[in-house]
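J.: Build me a model from this:
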Amino acid sequence: MERCDQESGYKHAVRSELGDLGGPEGSKTRGFHVHSVFLVDADTERSIGLIDQERWVREDVQRGKKNQRRQLPYEGKESFKWQRASENTEQRMGGKMPDIISVCDREADIYEYMHYKLDNRQRFVVRATQNRILVDGELLLFDSLAQTEVLGKYTIVVPQKGGRKKRKATLQVKRKKMTIQAPQRPGGRPEPVTSSRPKTQPIENCRFYPEKLSGALLLSGD
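T.: Residues are numbered from 1 along each chain as shown. Predicted coordinates for the structure are as follows:
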């Protein structure tokens, strides 16, 4: 069973009581943000339904204060929604939680979120966006993957979209175990990602290298 996290925004140009959606300075577009979690059967690819949803608005006074928001504690940031959704899902799924894999986009590439998932032995797939520092070795995450042996190849069909023609792309699959160094935070640097077994719980990684189509996936160690 897979859990897919997705955030979307609803826009309405008239309702002034709705929140700021960002964008160019002077934008009058109003709306609210929604973070939804869907359950999907991994075998049949059938949608089971919505397991969690969070809705919120951004206050106008927060516009242009991105750097200040970065100084907030982890629990006070919007990005904490990923962990909160996992907590809510576990509460509702109970003993079925070990059967669930959280599938997340690049926005979930948050050290504290992955630390929480590993500490609670929850499985996840996060598309990497940050070229992180590794505990062992001198190379960064993406650079280390670039030197990793290719395990296999397969071909996919990339559908037509806009001005892009339909084409085939050959993917190279790589896999490597690694331990990610904790980033520096206002209160200091946390410990590297660890668990009770063994000494260090590595984050495994796969990267695909077709022409103009690549991505790295951070996976739990199970």
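J.: Just checking, which helix or strand of this structure averages the lowest pLDDT?
T.: strand 203-208 (a mean of 44; mean pLDDT, DSSP states H and E).
J.: Let's test this: mean pLDDT of the helix or strand just after that strand, rounded?
T.: On the C-terminal side of strand 203-208, the closest following helix or strand by DSSP states H and E is strand 215-219. When the per-residue pLDDT values of strand 215-219 are averaged, the result is 81.
J.: Just checking: what are the partner strands of strand 215-219?
T.: Sheet pairing of strand 215-219 (DSSP bridges) gives strand 123-127 (antiparallel), strand 203-208 (antiparallel).
J.: contacting residues for residue 117?
T.: Residue 117 sits next to 86, 102, 123, 124, 220 when contact means Cβ atoms under 8 Å, 6 or more residues apart in numbering. From N, CA and C alone the C-beta is placed, and that goes for glycine too.
J.: Can you pull the poorly scored residue ranges out of this structure?
T.: For the chain, applying pLDDT under 70 flags the ranges 1-30, 60-69, 188, 190-214, 221-222.
J.: Select the longest helix from the chain.
T.: Secondary structure assigned by DSSP state H gives helix 81-93 as the longest helix of the chain.
J.: Would you mind writing the CA trace of it as CSV?
T.: What follows is helix 81-93, C-alpha atoms only, in CSV (Å, rounded to 0.1, in the frame of the first residue of the first chain):
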residue,chain,number,x,y,z
LYS,A,81,2.9,19.2,7.6
TRP,A,82,4.7,16.2,6.2
GLN,A,83,5.4,14.8,9.7
ARG,A,84,2.0,15.8,11.0
ALA,A,85,0.4,13.9,8.1
SER,A,86,2.5,10.8,8.9
GLU,A,87,1.4,11.1,12.6
ASN,A,88,-2.2,11.3,11.6
THR,A,89,-1.9,8.5,9.2
GLU,A,90,-0.3,6.2,11.8
GLN,A,91,-3.0,7.1,14.3
ARG,A,92,-5.7,6.0,11.8
MET,A,93,-4.0,3.0,10.3
